[in-house]
Each structure stands twice: as structure tokens, then as C-alpha cells.
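Peer 1: Structure for this input, please:
(one chain, ligands or ions: 1)
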Amino acid sequence: MTQEQRLIPLVLSNGALNSAVATGNNASWHCSCERILPLIGKSGQIKGPSENTSVECPDCKIRYFVEPDGGDYKRAVRVVEL
Ligand SMILES: [Zn+2]
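Peer 2: Residues are numbered from 1 along each chain as shown. The predicted model follows:
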């Protein structure tokens, strides 16, 4: 079976909802700054973002966190702009 491309919510800091795509514990999305290449990140821990589990856009420095499904580093269920 090929790797399922799941659509998951991308929650922006102003509360707006957008979409990200996930496969396993990886997620990919487009940054709010409209950088052409997408960002990609792995899910982090249940307790929330830390320095080494956050994803920072190289262009605008906005940070994101990929939320895991019920346990540390489990499959990606949501991407949140921090
Ligand atoms: Zn950006």
C-alpha cells in the first residue's frame, strides 16, 4: 500500500484554519509568509513544543509545532503556528 496522504488541520496564530498534509508522523504545509517551498516537520511530544521539536520557517522565522496523536512522536494530527 502506498503512503496515505492525510489532510490535517493547520491552525494559525490568529485562529484561522488551513490545511496541512501528513504521512505517518511527518507533516508538510505552506508557511503564512508564502515561501514557495513547503515546510516539513515530525510530530513532537504530548507536553507540547520544545526547542528541538519546533519547526522554524527559514525565511520569516515563524515557528510551528506538529502535534502527535495521543503519545510522544505518534502520527501527526495537527500543525499549530506558535
Ligand atoms: Zn515563513
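Peer 1: What residues sit buried inside the strand or helix carrying Ile40?
Peer 2: Under the assignment given by DSSP states H and E, the secondary-structure element containing Ile40 is strand 39-42. When burial is assessed from 16 or more other Cβ atoms under 10 Å, strand 39-42 yields the following buried residues: Leu39, Gly41. Backbone N, C-alpha and C define where each C-beta goes, glycine included.
Peer 1: Same question for stretch 32-46.
Peer 2: Ser32, Leu39, Gly41, Ser43, Gly44.
Peer 1: Repeat that for stretch 9-22.
Peer 2: Within stretch 9-22, the residues scored as buried using 16+ other Cβ under 10 Å are Leu10, Val11, Ala20, Val21, Ala22.
Peer 1: Sort out for me which of those are in helices.
Peer 2: The helices in this structure, assigned by DSSP state H, contain none of the buried residues of stretch 9-22.
Peer 1: Using CSV, lay out these together with distance to Lys61.
Peer 2: Below are these laid out as CSV (distance: Cβ to Cβ, whole Å):
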residue, distance to Lys61
Leu10, 18
Val11, 19
Ala20, 19
Val21, 23
Ala22, 23
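Peer 1: wait, which of these is closest to Ser28?
Peer 2: Comparing the buried residues of stretch 9-22 against Ser28 with Cβ to Cβ picks out Val21 as the nearest, at 5.4 Å.
Peer 1: can you pull up the bridge partners for that closest one?
Peer 2: When bridges are assigned using DSSP bridges, the partners listed for Val21 are Leu7, Ser28.
Peer 1: Next one: it from the ion, what distance?
Peer 2: According to Cβ to the ion, to the nearest Å, Val21 and the ion sit 17 Å apart.
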